[in-house]
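1. Everything below, folded, please.
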Amino acid sequence: MNLKQIPNNFETFYPTIDDPEGWVHEHYLCTNCGKNAIRPKIKIPRGRLCNECVGRFFKRKGLEIDAATLSLSEITRQLLGTNQVCQRLILLWGFKGIMRQYAKGTTESAHSLFKSLVPNMGFVTPHPLAHAVREAAVRACVAAGEGVLPHLLAVRKPEPWQFFANIILSAGSIAPSDEKVRRLIKKGAADASPNVRRMVLVVLSDTENEWARHLFEALLVDTNPLVREAAAELSFRRSQVKRASGKAAPAQKKKARHPKQSPLEKLLDRFYAADFLQSIYEAYLHRFKDCFPDNRKATPVRRKPRKSDLVWLLAHVYSDKVLFLKLLSDLPRAVEKVLHRLVWDEFECDVEDLQSSLDAQIVNTRKEPYYDEMYVHLNPDYFIFTLHSTFDYRRDWRKPQRLNLRLPEDLRTLFKTYLPPPREFDYIPLEQPERTAYLFEDRGETQERLAVLSRYVQQGNVKYSKSGNRILIGSLKKMKEYLHIKEFYSEEDKDLRYLRTLLIAEFISEDALKTDIRSPEDLKSLFAGYFDGSNFKYYHAKDMLAHLKGGSHDDWNYEKRDMRVRGAMWLMVQNLMVDQWISLKNIFKFARYRGLDLEVLDRGTAEHYLYFRGAIRDSGDKLIEDMRIHIEPSIYDEAVIHPYLRGMMYLFAAFGLLDIAYDHPEHKNLQTTGKPYLSVFDGLSFIRLTHLGAYVFGQQDSYAIDFTESAGDLVLDENRLIIYLTQKDRLKSLLLENIGERVTDTCYRVNFQTFLKDCDTIGEIRRKITFFKEHISDRPPSVWAVFLNEITSKLNPMEPVENYAVFKLNPSRELVSLFATDKVLKKYVRKAEDFNIIVENRHISKVKKRLQTFGYFMDPTQK
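-> Sure thing, here's the model as predicted:
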């Protein structure tokens with residue numbers, strides 16, 4: 001596949017290639033293949049490239065693709081897209097690797113992949129690469145095997161004809177003996193399009209069954225001459241094969257099979273070109289040539305190792321810790337520093353930053369004298385890494401391309417077993433945290449109020465907006481004041497003043513609470529239900545990310561992702577130490593170094609759909625303000641993972657499981673418009689596990705708290721709607737204040753107004769009555785039973801009447817008299833007070849027509 005004339009920065013031509021208008025139809029020699037055929041071509045600085053050479057380039061790119069760097073949602077979105085032909089081709093040619101990454105997993109992932117693959121066989125557009133897309137899709141389907149067969153057979157109306165023909169070709173190649181496939185082929189043989197019938201012949205060429213012979217004979221006398229000609233040619237070839245089959249075939253020397261490549265060899269084979277591997281061998285790998293087995297060693301005829309041999313040797317060195325560390329010791333010291341950084345800290349590193357900080361030459365540039373272009377090549381010393389070019393809108397507009405060094409995820413995982421972990425691999429306890437503006441220590445106060453908190457929520461006191469997505473500010477204020485909740489902040493900032501109250505109210509919602517939370521055991525059970533997924537079905541990790549917009553585009557696999565994140569969070573809190581301060585920086589590195597899955601949102605979805613409006617600091621340390629910023633990979637951790645982790649720590653602190661040290665939220669690099677921070681949680685710096693937290697998280701077997709719960713009894717007056725408390729009881733007072741009016745600390749008066757307060761719907765009233773019977777008295781005195789029955793009987797005293805319209809008459813004596821005396825109008829009109837009349841909708845036209853006889857014109861649509 002000779003593609004030497006394609007420039008290194010070919011990715012910059014993708015937008016031109018994707019646009020059908022970017023192609024020219026002129027008599028130009030293709031710069032790469034030298035052919036002068038009348039083919040669509042694109043312009044490059046060196047000349048023209050024909051569509052076939054461009055297609056071969058994307059085939060090579062597809063075979064080199066690293067499926068591990070792509071999310072499933074991103075793959076399916078690009079395969080089903082309309083404009084990105086380049087990315088579509090790369091994914092189709094690399095579909096084998098994608099299947100190994102995803103189709104081996106859940107049925108849902110395989111279904112999603114195949115569902116997005118099949119439509120590409122019907123990609124019929126004016127684009128010059130449309131045929132290449134269809135070809136790549138067919139090859140991908142055939143490679144997918146029987147797994148994709150149900151999706152092929154499920155297509156009801158495959159149009160245009162190319163789509164139907166390709167479905168027949170794919171299904172016939174995968175399972176020609178399958179009964180459903182046979183029916184599909186028979187359907188194709190009777191199709192109106194001669195092109196589809198010719199494709200049936202292609203499938204029949206390798207089939208000798210009786211049913212196939214009948215189809216073949218029918219196509220020999222087809223009405224279309226092209227179909228008949230193709231059938232006759234196939235018949236001739238078959239006769240030649242049968243004639244030759246009677247002779248003894250000459251013995252052929254069996255080809256020696258090439259040794260099967262290991263997964264690591266396949267990975268390296270995709271990433272390295274033969275000439276680059278040869279330069280690595282001459283510089284470093286030749287020292288390990290004794291590792292070659294006999295069948296891979298150089299011979300007098302073949303003095304240089306082949307690419308497959310070099311790939312094997314490199315994989316062999318990578319797979320052996322001793323050999324790899326020996327190789328690493330031969331490389332420059334800067335390479336080892338970059339390796340540690342890419343293995344433990346970052347997915348990718350900016351080449352420009354690395355060269356500046358390490359004072360090293362990582363890439364070499366070469367100027368093409370004739371075309372006046374600069375070409376970038378990776379320094380062979382850094383062969384362990386791969387070089388990638390991406391567009392970064394935060395960089396200088398004159399140099400928007402950003403060069404990154406990356407390390408494939410499989411190699412990162414492997415090398416983590418070789419390299420010593422950084423110090424922050426474990427939690428590092430601090431004697432005292434650095435000085436912060438705020439220090440929050442619960443000291444058991446939350447535990448004392450848990451029963452009151454849960455009862456408050458159960459009584460329906462937390463009010464939501466009409467959409468049901470947001471707790472009303474007024475409701476938070478009332479909850480804070482009534483329950484005396486100690487807040488994290490005292491500022492008037494609306495995003496901060498009720499932060500703790502909001503976290504508590506959202507977590508112990510009515511959906512999550514099954515019973516009252518009266519003891520540490522109840523609290524432990526509550527959080528256990530969150531971590532193991534048995535409870536909190538509607539409380540998701542992404543709820544901590546209120547600063548992000550576009551959440552309606554979230555990926556379909558979110559529930560499973562959320563459970564993985566909960567598992568990672570459980571592991572993190574399990575490793576905390578009681579009464580030991582830990583920095584948030586240590587928390588972040590602990591999670592990263594151990595590879596904990598804290599990807600709250602799919603990275604592909606976040607990059608393409610999620611955003612925040614605000615400011616971002618560019619590469620020149622300048623703050624670019626008031627712009628829509630999408631969650632690119634370079635800011636994913638800062639915009640998603642860090643706010644989520646901080647938010648969860650605030651949540652644990654809200655329940656007294658952690659003590660926290662924090663400042664007013666502030667973020668240097670990312671800021672929401674009008675704020676000095678991105679997330680309200682950005683101020684957190686240090687955490688400390690409390691004894692209550694150690695108990696709830698399973699590190700302690702018991703937890704004792706020194707407080708006495710009051711236990712006053714409720715007494716209902718048998719003659720009046722009055723309830724007495726035998727002694728002061730905060731919890732029962734809360735219950736009574738929800739239905740009555742406090743007369744004294746131990747006496748409450750109840751009437752219709754107090755009982756129905758804060759109720760907006762019939763459902764809320766019914767819940768309050770049920771709550772009364774469950775928590776106050778299920779067999780109340782008769783005066784109370786009558787009271788509750790009367791409330792129930794008076795629900796909805798007025799019902800809206802449908803299909804009627806109300807009109808107000810002009811204060812005209814003549815008009816009023818007309819409605820009072822006319823027999824026709826009296827038949828269809830009902831009088832109301834204050835010159836209002838009521839008319840059934842189906843009679844409005846009759847009233848209008850009758851009024852016209854007296855000169856009145858009525859327009860029911862005019863208000």
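
2. Give me the below-cutoff pLDDT ranges for the stretch 701-850 of the chain.
-> Along the stretch 701-850 of the chain, the model assigns pLDDT under 70 to residues 705-711, 798.

3. Could I get the full set of helices for it?
-> Taking DSSP state H, counting those that start in this stretch as the test, the helices found in the stretch 701-850 of the chain are 730-737, 752-756, 762-775, 782-793, 813-821, 823-828, 844-852.

4. of all the ones you listed, which lies closest to K537?
-> K537 sits nearest to helix 762-775 of all these, at 20.4 Å, using C-beta to C-beta. Bear in mind the C-beta positions are built from the backbone N, C-alpha and C, glycine included.

5. And the closest one, what does it pack against?
-> helix 782-793 (3 or more C-beta pairs under 8 Å, 6 or more residues apart in numbering; DSSP states H and E).

6. So what pairs up with the nearest residue to F807 once chain neighbours are set aside in the strands?
-> Nearest residue to F807 in three dimensions, chain neighbours excluded: I837, at 5.3 Å (C-beta to C-beta, 6 or more residues apart in numbering). Note on I837: beta-bridge partners by DSSP bridges are F807, K831.

7. I837: neighbour count?
-> Per other C-beta atoms under 10 Å, the neighbour tally for I837 reads 17.

8. same check, this time on N209
-> For N209, using other C-beta under 10 Å, the count is 12.

9. how close does it get to S177?
-> Applying C-beta to C-beta, to the nearest Å, the value for N209 to S177 is 8 Å.

10. do R455 as well
-> Using C-beta to C-beta, one gets 68 Å for the distance from R455 to S177.

11. And L815, by the same measure?
-> Taken as C-beta to C-beta, the span from L815 to S177 is 86 Å.

12. Between those two, tell me which one has more neighbours.
-> Between L815 and S177, counted using other C-beta under 10 Å, the more crowded position is L815 (15 against 9).

13. quick one, what contacts L472?
-> 463-465 (C-beta atoms under 8 Å, 6 or more residues apart in numbering).

14. swap in Y539?
-> Neighbours of Y539 in contact, by C-beta under 8 Å, 6+ apart: 506-507, 509, 512, 530.

15. Can you tell me the SS state at it?
-> coil (DSSP: H, G, I helix; E, B strand; the rest coil).

16. Backbone dihedrals for it, both of them.
-> Backbone torsions of Y539, given as degrees, to the nearest 10, read phi -110, psi 110.

17. Check C50 too.
-> phi -80, psi 170.

18. That one pairs with what?
-> On the basis of DSSP bridges, C50 takes part in beta bridges with K41.

19. hang on, it packs against P40?
-> Yes: if you go by C-beta atoms under 8 Å, C50 and P40 touch, sitting 7.2 Å apart.

20. So which of those two has more stuff around it?
-> A side-by-side neighbour count of C50 and P40, using other C-beta under 10 Å, places C50 first with 25 against 20.

21. picking up where we left off before, quick one, which of the helices of the stretch 701-850 of the chain is nearest to S170?
-> Nearest of these (C-beta to C-beta): helix 762-775, 54.5 Å.

22. and the angle for the closest one with helix 782-793?
-> Angle, helix 762-775 to helix 782-793, by axes from the mean of the first three to the mean of the last three C-alpha atoms, to 10 degrees: 160 degrees.

23. Go ahead and measure how far helix 762-775 is from the middle of the chain.
-> When distances are taken as C-alpha atoms, centre = their mean, to the nearest Å, helix 762-775 is centred 40 Å away from the chain's centroid.

24. List the contacts of it.
-> When contacts are defined by C-beta under 8 Å, 6+ apart, helix 762-775 is touched by residues 458-460, 735, 738-739, 755-756, 758-759, 780, 788, 791-792, 795-796.

25. Also stretch 135-154?
-> 59, 62, 89, 92-93, 95-96, 99, 103, 110-111, 114-115, 117-118, 120-121, 123, 166-167, 169-171, 173-175, 178, 180-181, 184.

26. again, 7 Å this time
-> 89, 92-93, 95-96, 99, 103, 110, 114-115, 117-118, 120-121, 123, 166-167, 169-171, 173-175, 180, 184 (C-beta atoms under 7 Å, 6 or more residues apart in numbering).

27. tell me the average confidence for stretch 547-562?
-> Averaging pLDDT along stretch 547-562 gives 74.
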